[in-house]
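Enquirer: build the 3D model from these lines:
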Amino acid sequence: MQRIQAVDQTTATGKAKQLLDGVEAKLGFAPLMMRTMASSPAVLDGYLRFAGALAAGKLSGQLGEQIALAVAEANRCGYCLSAHSTLGKMAGLTEPVISRNRRAQSDDPAVEAVLRFAQTVVVQKGEVSDEALAAVRAAGYGDAEISEIVAHVALNIFTNYFNIVAATEVDFPVVTPGVITAVAA
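Expert: Reported below is the predicted structural model:
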């Protein structure tokens with residue numbers, strides 16, 4: 001049972017209604033996570049602004065989805081894993097790629113370096129080794145991209161924790177966490 005109640009979009013008013021209507025216009029529906037965040041319009045607004053800023057960054061939307069998958073798996077967030085599996089497919093990822101990304105793996109060494117770094121940031125709570133940072137740099141990523149990887153991790157930790165605390169009901173095809181939850185630092 002959900003522990004933080006979602007806002008009913010049909011009866012929402014004020015800022016919550018404005019934000020949810022904007023989400024629906026963009027996605028075609030307002031996911032339950034966002035309707036739950038709308039219990040505090042400040043939370044939903046902050047999430048949307050942060051996600052919007054990252055969407056305009058150097059990292060591709062597809063790579064952002066891949067990071068989200070690796071982070072959701074590391075944090076064992078079923079809601080986010082389900083949502084980003086669906087969104088990842090919409091961004092062009094196949095089921096085998098999604099499965100590998102959850103384990104911080106990829107056939108593309110540059111993508112794998114990002115995913116391993118992202119999961120290391122999660123597992124090590126930001127205290128990554130010089131070697132972990134050097135590995136992502138060696139894969140061709142500079143300060144701007146590394147900053148965005150950390151920002152994607154932070155945004156996804158927020159949504160993971162929010163959905164775990166709220167016990168948000170999954171409104172996407174269900175994907176269960178449990179592949180692996182850690183990588184070597």
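Enquirer: let me see the domain layout of the protein.
Expert: 14-55, 61-166 (automatic domain parsing).
Enquirer: out of those domains, flag the one nearest residue 7.
Expert: Closest of those to residue 7 is domain 14-55, at 4.1 Å (criterion: Cβ to Cβ). Yep, even glycine has a C-beta here, placed from its N, CA and C like the rest.
Enquirer: if we can go back for a sec, need the winner for burial among the domains of the chain.
Expert: domain 61-166 (a mean of 19; mean count of other Cβ atoms under 10 Å).
Enquirer: tell me where the chain has helices.
Expert: 14-27, 32-37, 41-55, 61-75, 78-90, 95-102, 109-123, 130-138, 143-166 (DSSP state H).
Enquirer: okay, those helices in JSON lines with distance to residue 174 next?
Expert: Shown next, in JSON lines, are the helices of the chain (distance: least, Cβ to Cβ, whole Å):
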{"stretch": "helix 14-27", "distance to residue 174": "19"}
{"stretch": "helix 32-37", "distance to residue 174": "13"}
{"stretch": "helix 41-55", "distance to residue 174": "22"}
{"stretch": "helix 61-75", "distance to residue 174": "13"}
{"stretch": "helix 78-90", "distance to residue 174": "5"}
{"stretch": "helix 95-102", "distance to residue 174": "14"}
{"stretch": "helix 109-123", "distance to residue 174": "22"}
{"stretch": "helix 130-138", "distance to residue 174": "32"}
{"stretch": "helix 143-166", "distance to residue 174": "13"}
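Enquirer: reformat those helices as TSV; add mean pLDDT and distance to residue 177.
Expert: As requested, the helices of the chain are exported to TSV (pLDDT from 0 to 100; distance: least, Cβ to Cβ, whole Å):
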stretch	mean pLDDT	distance to residue 177
helix 14-27	96	23
helix 32-37	98	16
helix 41-55	98	21
helix 61-75	97	6
helix 78-90	97	5
helix 95-102	96	8
helix 109-123	98	13
helix 130-138	98	23
helix 143-166	98	10
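Enquirer: is it possible to get JSON lines of the domains of the chain that adds distance to residue 5?
Expert: JSON lines is the format used below for the domains of the chain (distance: least, Cβ to Cβ, whole Å):
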{"stretch": "domain 14-55", "distance to residue 5": "6"}
{"stretch": "domain 61-166", "distance to residue 5": "9"}
